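# pasted the sequence and its predicted model underneath.
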Amino acid sequence: METHTKVTAKLIAQQLGLSIATVDRALNNRGNVKEETYKKVMEKAKELDYKPNRLASILSRNEQFTITVVIPEYPVHFWEQVEEGINKAFNELSDYGVVGKKYKIPDQDLSRGEEIIRRIIEERETDALAIAIGENPYINLIDYGIDKGLQIATFNHDSPASKRMFYVGSDYRSAGRLAAELLCNFLGGSGNAAIMTSTQTSYQAQEKAAGFREVLLEYPDIQMIGPIKIDRKDIERDLERKITSLAEVSGIYVSNAELSSVAKHLEKLNCKKVLIGHDFNKEIYDYLQKRVITATIDQSASDQGYFAVKKLFDHFTGEENMNNKEIITKLEIITKENSRFYI
């Protein structure tokens with residue numbers, strides 16, 4: 001059986017009859033090495049397919065590596081959980097010279113987001129960039145940054161049409177399918193099921209709706225209503241009008257961040273329906289206890305923030321080759337009976 005020995009500076013030094021210190025200086029371009037010796041070391045390294053240990057180099061040189069994260073402000077409860085993961089990764093990596101920066105994009109202010117990301121790219125204020133905004137205006141910006149030599153990943157919101165290095169987050173088609181499976185089971189396989197989404201169309205919303213529709217096709221006795229778009233700028237009035245018009249609907253799937261708002265309105269109307277949505281916080285927990293919300297699907301918000309930062313660092317140090325273009329976080333079903341484990 002063929003065995004593969006890891007190629008190290010020590011092995012190169014042994015084969016060339018040089019000191020490890022001399023080889024290390026040559027491999028890491030630290031100077032104080034004769035040109036002839038440097039050439040011999042680099043030729044031997046190429047011959048042996050030497051892979052530099054970038055992490056060791058960072059530690060020995062006290063290098064800094066800046067990772068910048070750009071996230072939206074809304075919904076606040078979700079992005080606070082994402083930030084917990086981001087901060088955890090920054091804290092863990094601070095000993096390795098990682099400097100973390102964060103920018104928050106004001107709600108629905110696409111032009112402000114574009115302005116911030118373009119400035120980050122053009123002023124080269126970072127080595128790597130994790131963007132949690134994946135709408136169409138940002139695709140060209142991601143490509144622009146990649147072409148400028150910046151490492152860019154997306155998380156939570158993907159831009160699969162861009163040149164982004166990788167994506168961290170939910171599989172939103174699977175999320176929509178899971179929501180449909182839950183709703184159909186709670187409805188007993190028959191009835192009318194409505195899907196509610198945002199007025200602003202996104203890749204995430206499209207994928208959830210597509211997955212939801214796919215599963216409902218397997219239930220001939222359940223009719224799909226919608227997608228019904230909720231205007232968050234006037235949510236109280238919009239929900240009052242639209243929920244009242246859904247008197248014959250047995251179940252509702254809220255695919256955006258307005259699960260609590262829909263639950264609040266259903267409770268106000270004393271309207272009992274199967275209600276499924278996403279994410280988890282104290283308000284959603286309370287509605288689960290009152291059985292206004294039937295179940296919610298947690299999208300591992302903290303993990304999304306953590307792995308977006310961690311995987312960028314791993315790629316930079318060579319600890320992980322990002323051949324896998326998607327790091328999919330788990331989806332977990334939360335009901336009244338297990339919700340206390342998530343609060």
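Good, I have the coordinates. Bear in mind the structure is a predicted one, so any value in this text is a computation, not a measurement.

# what helix or strand is the nearest residue to Ile327 once chain neighbours are set aside located in?
The shortest distance from Ile327 to any non-neighbouring residue, by Cβ to Cβ, 6 or more residues apart in numbering, is to Val168 (4.5 Å). Backbone N, C-alpha and C define where each C-beta goes, glycine included. Element membership for Val168 (DSSP states H and E) is strand 167-169.

# elements contacting the very next helix or strand once past that strand?
Per DSSP H and E, strand 167-169 leads on to helix 172-186 as the next helix or strand towards the C-terminus. Under the contact criterion of 3 or more Cβ pairs under 8 Å, 6 or more residues apart in numbering; DSSP states H and E, helix 172-186 touches strand 191-198, helix 203-216, strand 251-254, strand 274-278, strand 295-298.

# could I get the CA-only coordinates of the third one as PDB?
Right, strand 251-254. C-alpha atoms of strand 251-254 as PDB (Å, rounded to 0.1, in the frame of the first residue of the first chain):
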ATOM      1  CA  GLY A 251     -53.800  26.700   7.500                       C
ATOM      2  CA  ILE A 252     -51.300  29.400   6.900                       C
ATOM      3  CA  TYR A 253     -47.600  29.200   6.100                       C
ATOM      4  CA  VAL A 254     -45.700  32.500   6.800                       C
END
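
# any low-confidence regions in the protein?
Regions of the chain meeting the criterion pLDDT under 70 cover residues 1-5, 28-31, 52-62, 108, 134-136, 318-324.

# mind listing what the residue most central in space within it touches?
Within the chain, the residue whose C-alpha comes closest to the C-alpha centroid is Phe155; the distance, by Cα atoms, centre = their mean, is 2.6 Å. Shown in contact with Phe155 (Cβ atoms under 8 Å, 6 or more residues apart in numbering): Ala130, Ile131, Ala132, Tyr167, Val168, Gly169, Gln304, Gly305, Phe307, Ala308.

# coming back round to it: of the helices and strands packed on helix 172-186, flag the one that's most buried.
strand 251-254 (a mean of 26; mean count of other Cβ atoms under 10 Å).

# hmm, who's touching the following helix or strand past it?
The helix or strand immediately downstream of strand 251-254 is helix 259-268, counting by DSSP H and E. Contact with helix 259-268 is made by 196, 230, 235-236, 239-240, 243, 252, 254, 272-273, 275, 277-279, 281, 283-284, 287, 290, 292-293, 296, as judged by Cβ under 8 Å, 6+ apart.

# now do helix 259-268 and strand 274-278, the angle between them.
160 degrees (axes from the mean of the first three to the mean of the last three Cα atoms, to 10 degrees).

# pull out the buried residues from helix 259-268.
Leu259, Ser260, Ser261, Val262, Ala263, Lys264, His265, Leu266 (16 or more other Cβ atoms under 10 Å).

# cool, and stretch 310-318?
For stretch 310-318, by 16+ other Cβ under 10 Å, it's Lys310, Lys311, Leu312, Phe313, Asp314, His315, Phe316, Thr317.

# let's have those residues in a markdown table, adding secondary structure.
What follows is those, written out as a markdown table (DSSP: H, G, I helix; E, B strand; the rest coil):
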| residue | secondary structure |
| --- | --- |
| Lys310 | helix |
| Lys311 | helix |
| Leu312 | helix |
| Phe313 | helix |
| Asp314 | helix |
| His315 | helix |
| Phe316 | helix |
| Thr317 | helix |
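
# and of those residues, the nearest to Arg173?
Lys311 (21.8 Å; Cβ to Cβ).

# any idea how far the closest one is from Tyr167?
10 Å (Cβ to Cβ, to the nearest Å).

# quick check: neighbours shared by those two?
Joint contacts of Lys311 and Tyr167 (Cβ under 8 Å, 6+ apart) are Ala153, Ile327.

# how close does the closest residue to Glu114 other than its chain neighbours get to Val249?
Spatial nearest neighbour of Glu114, chain neighbours left out: Pro137 (5.7 Å); criterion: Cβ to Cβ, 6+ apart. Computed as Cβ to Cβ, the Pro137 to Val249 distance reads 35 Å.

# likewise for Lys34?
On the measure of Cβ to Cβ, Lys34 and Val249 end up 80 Å apart.

# pick out whichever of the two has more residues nearby.
Using other Cβ atoms under 10 Å as the criterion, Lys34 and Val249 rank with Val249 on top: 19 against 10.

# report how many residues lie close to Lys44.
19.

# which residues touch the helix or strand it falls within?
Following DSSP H and E, one finds Lys44 within helix 35-47. Helix 35-47 is touched from outside by Val7, Ile12, Gln15, Leu16, Leu18, Thr22, Val23, Ala26, Leu27, Val33, Tyr50, with contacts defined as Cβ under 8 Å, 6+ apart.

# do that again at 10 Å, thanks
With Cβ atoms under 10 Å, 6 or more residues apart in numbering as the test, helix 35-47 has contacts from 7, 9, 11-13, 15-18, 22-27, 29, 31, 33-34, 50-52.

# which of those residues fall in helices?
Ala9, Leu11, Ile12, Ala13, Gln15, Leu16, Thr22, Val23, Asp24, Arg25, Ala26, Leu27 (DSSP state H).
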